[in-house]
Every structure is written in C-alpha cells, then in structure tokens.
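Colleague: Here's my sequence, what's the structure:
(one chain, ligands or ions: 1)
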Amino acid sequence: MNSQLQPSRHRVLGMALASPIIVGSGLLSDQAKNIRQLLAHGAGAVVTKTIYPISEKKHVERIYAIDTGLLNNTTYSKHSVERWLELLGQFSHEQLPIIASVHAPCPEELGELAAKIRQVSDCPLELGISCLHADDFTEDTPERVYDYANSVRQQTDSLFSVKLSLGQKLQERVQAAMEGGAQAITLSDTISGMAFDRVNGEAVLGGICGYSGPGIKPLVLAAIYDLRQRRVNVPIMGSGGVQNGMDVHDFLLAGAETVQVYSALHKDMFLTLRRIIEQYQIYCNRPKFMEALE
Ligand SMILES: Cc1cc2nc3c(=O)[nH]c(=O)nc-3n(C[C@H](O)[C@H](O)[C@H](O)COP(=O)(O)O)c2cc1C
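Modeller: You can find the predicted model right below:
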C-alpha cells in the first residue's frame with residue numbers, strides 16, 4: 001500500500017487529516033505555542049483544552065502518576081472565552097487543523113459558546129461534556145447528552161463530536177449524541193480512578209479523579225469494538241492509553257477512524273509524538289495490517 005494514499009482514510013468532522021493521530025484535549029493543549037508545535041511535529045489535528053465560560057479554579061489542579069497511567073483533577077481551560085476566540089480566529093486564518101473542545105454549565109450556554117466560536121472560526125468542535133470529576137458533574141445520561149448536542153446543533157452549523165466516558169448506557173449515550181446532531185463521537189474521556197498515599201493513608205488529589213493512560217486502553221478498545229459489533233457506525237475518535245504506533249493500530253482495528261493521544265505526551269511531548277507517528281507509519285507499511293483494515 002502506498003503510504004501517500006493514507007490521508008484519505010482519515011477523514012473526521014469534515015477534515016482530511018494528514019495523519020490519524022490527533023493530540024487530545026488537556027493541559028498541554030491549553031497553550032497556543034504547544035498547539036502550533038504539536039502540529040509542526042506531525043499531529044493530524046490538535047484538540048484544545050476544554051473552553052468553559054468560567055475560567056476561575058475552585059481547587060488546586062494537579063496530576064499524579066501511578067503504575068498504569070495518570071490521575072488528574074484538572075477541569076477546564078484557564079483562559080477566558082475571549083482569549084480563545086482571539087486564538088481560534090488566528091488558527092483559522094492560518095488554516096490549522098484545530099478542534100475546539102467546549103463545555104458550559106447548561107446546554108443553552110454551550111450552544112451560545114458554540115455560536116460565538118462559529119463567528120470567528122469554522123473549526124469543528126468536541127463537546128467535552130463528560131468529565132466525570134468536574135464539580136458540576138453528577139451522572140451522564142442519554143437525555144443529558146442529547147440536550148447538550150441538540151443545543152449546539154440548534155445554534156450553529158459547526159460540525160461536532162461528543163466526547164463520552166466509558167460507563168453505563170454507553171450505546172444509548174452514543175445514540176443520543178447522534179440524534180442530537182453529532183457527526184462523530186470521541187471515546188473515551190478519563191474514567192473514574194483514585195489512589196491512596198502510602199504514608200498518610202489519604203486519598204491523593206482529594207478523592208476520585210480522572211484516570212488515563214495505558215491502564216484504560218483495553219477497556220476503551222473493547223467498548224469501541226463492541227459498538228462496531230452492534231452496528232453503530234458513527235465515526236469514532238478513539239482515546240485512551242496510546243503509548244506507541246502499535247497502539248494507534250489497535251484502535252483502528254477495533255473500529256476507530258482516528259486516534260487521540262494525550263497522557264503519553266506528558267513525558268517528552270514532541271519527541272514522544274514524533275516517535276508514535278513514525279512507529280505508526282512503519283507499521284502501516286506491513287501488508288498484513290493494510291489487509292486487516294480493508
Ligand atoms: C491532565 C489531563 C487533562 C485533561 N484535560 C481534558 C480536558 O480539558 N478536556 C477533555 O475533553 N479531556 C481532557 N483530558 C482527557 C484526555 O483528552 C484523554 O481523553 C484521556 O486522558 C484518555 O487518553 P490518554 O490515556 O491518551 O490520556 C485530560 C487528561 C489529562 C491526563
């Protein structure tokens with residue numbers, strides 16, 4: 001298979017990506033400089049840190065490494081909506097492949113935020129509505145997913161993905177996202193996790209927080225595979241525990257169209273991204289792999 005033909009395989013949210021490897025939303029994508037450099041190092045696209053109408057923090061945000069990944073209690077971008085509108089306008093002008101991650105306290109406000117972004121950019125959106133450890137989050141339900149997605153659809157013509165977490169009623173939540181107008185889903189956001197300090201016995205980062213990294217990869221693969229077995233055919237951006245190029249392939253084999261990488265980049269961000277992309281390209285040229293994707 002000629003690797004020059006690969007870009008056409010990786011279309012999502014109206015974008016034809018030069019690589020299926022997208023940098024996921026997180027602290028690293030809260031800075032314009034990082035976003036530009038991640039793209040320059042070969043990312044197919046970058047998802048911004050989740051933009052939220054209220055940017056003050058109610059608690060100290062931190063990351064804690066465990067054997068199988070990361071725990072984090074971070075929530076939304078520390079930059080204001082106004083700052084993001086300015087940046088997204090610039091990115092649009094530069095024609096950079098950016099996906100703006102957005103959330104708001106209620107569906108109406110998310111629709112308003114989406115409409116403001118549409119005025120400065122035609123970038124697609126990722127609705128980051130399923131952060132399980134956020135202060136305003138109780139339970140994800142198909143109704144909640146539909147309400148957020150539908151509000152965005154009502155107030156803008158932007159293409160969007162709904163980012164979901166693994167958990168109960170996943171297929172129903174995916175269905176609700178599609179009925180609400182989503183053109184893709186992103187699976188998965190972090191899942192609930194915790195750890196205890198071995199010295200003082202206290203929960204680290206104050207209790208239940210977001211768990212990401214290699215430990216969640218088999219769970220996310222199984223969920224994507226299961227959706228495909230059930231004939232759910234919405235485009236999926238897989239996200240969870242990608243560490244190397246072979247992990248990217250695993251997600252594509254499970255049924256994802258594109259693959260997001262995040263936690264791995266917390267170590268040697270640009271080098272790690274390049275390594276993953278190079279490994280993916282080398283692996284791609286193996287004839288057996290290409291046959292499996294046909
Ligand atoms: C420190 C940190 C911050 C994150 N912030 C966000 C965020 O603002 N919005 C979001 O949708 N996902 C956020 N995520 C989730 C990641 O984008 C990703 O979906 C998840 O961590 C699973 O992928 P990974 O195992 O490759 O990290 C964050 C993850 C981490 C570790």
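
Colleague: quick one: secondary structure of S77?
Modeller: Following DSSP: H, G, I helix; E, B strand; the rest coil, S77 is assigned to coil.

Colleague: right, I mislabeled it, should have said I22
Modeller: Three-state assignment for I22 (three-state DSSP): strand.

Colleague: Let me know the pLDDT of H79.
Modeller: Looking at H79, its pLDDT reads 96.

Colleague: contacting residues for the nearest residue to it once chain neighbours are set aside?
Modeller: Spatially, and ignoring its direct neighbours in sequence, H79 is nearest to S55 (6.2 Å; Cβ to Cβ, 6 or more residues apart in numbering). Using the backbone N, CA and C atoms, a C-beta is placed for each residue, glycine as well. Shown in contact with S55 (Cβ atoms under 8 Å, 6 or more residues apart in numbering): 76-81.

Colleague: got the residue ranges for the strands in the chain?
Modeller: 11-12, 15-16, 21-23, 45-47, 63-66, 69-72, 98-102, 125-127, 160-164, 184-187, 191-193, 209-212, 236-239, 258-261 (DSSP state E).

Colleague: Mean confidence (pLDDT) on the fourth one, please.
Modeller: Per-region confidence: strand 45-47 scores 98 on mean pLDDT.

Colleague: Given it, what are its sheet partners and their directions?
Modeller: Strand 45-47 has its sheet partners listed here by DSSP bridges as strand 21-23 (parallel), strand 98-102 (parallel).

Colleague: Quick one, which of the ones you listed gets closest to the ligand.
Modeller: Taking Cβ to the nearest ligand atom as the criterion, strand 98-102 is the member of the strands paired with strand 45-47 that comes nearest to the ligand, at 5.1 Å.

Colleague: Just want the angle from that closest one to strand 160-164.
Modeller: Computed by axes from the mean of the first three to the mean of the last three Cα atoms, to 10 degrees, the angle separating strand 98-102 from strand 160-164 equals 50 degrees.

Colleague: Get me the contact residues on the stretch 1-150 of the chain for the ligand.
Modeller: Counting by Cβ under 6 Å from any ligand atom, the stretch 1-150 of the chain comes close to the ligand at 24-27, 49-50, 63, 70, 72, 74, 76, 101, 128.

Colleague: can you pick the most crowded of these?
Modeller: Neighbour tally across those (other Cβ atoms under 10 Å): the maximum, 29 neighbours, falls on S25.

Colleague: my read: it touches L127, true?
Modeller: No. Counting by Cβ atoms under 8 Å, S25 stays clear of L127, with 10.9 Å between them.

Colleague: Please go through this structure and pick out the longest helix.
Modeller: The single longest helix within the chain, with elements called by DSSP state H, is helix 269-284.

Colleague: how many neighbours does Q281 have?
Modeller: Neighbours of Q281 under the rule other Cβ under 10 Å: 16.

Colleague: Revised request: answer the last question for I282.
Modeller: Using other Cβ under 10 Å, I282 has 12 neighbouring residues.
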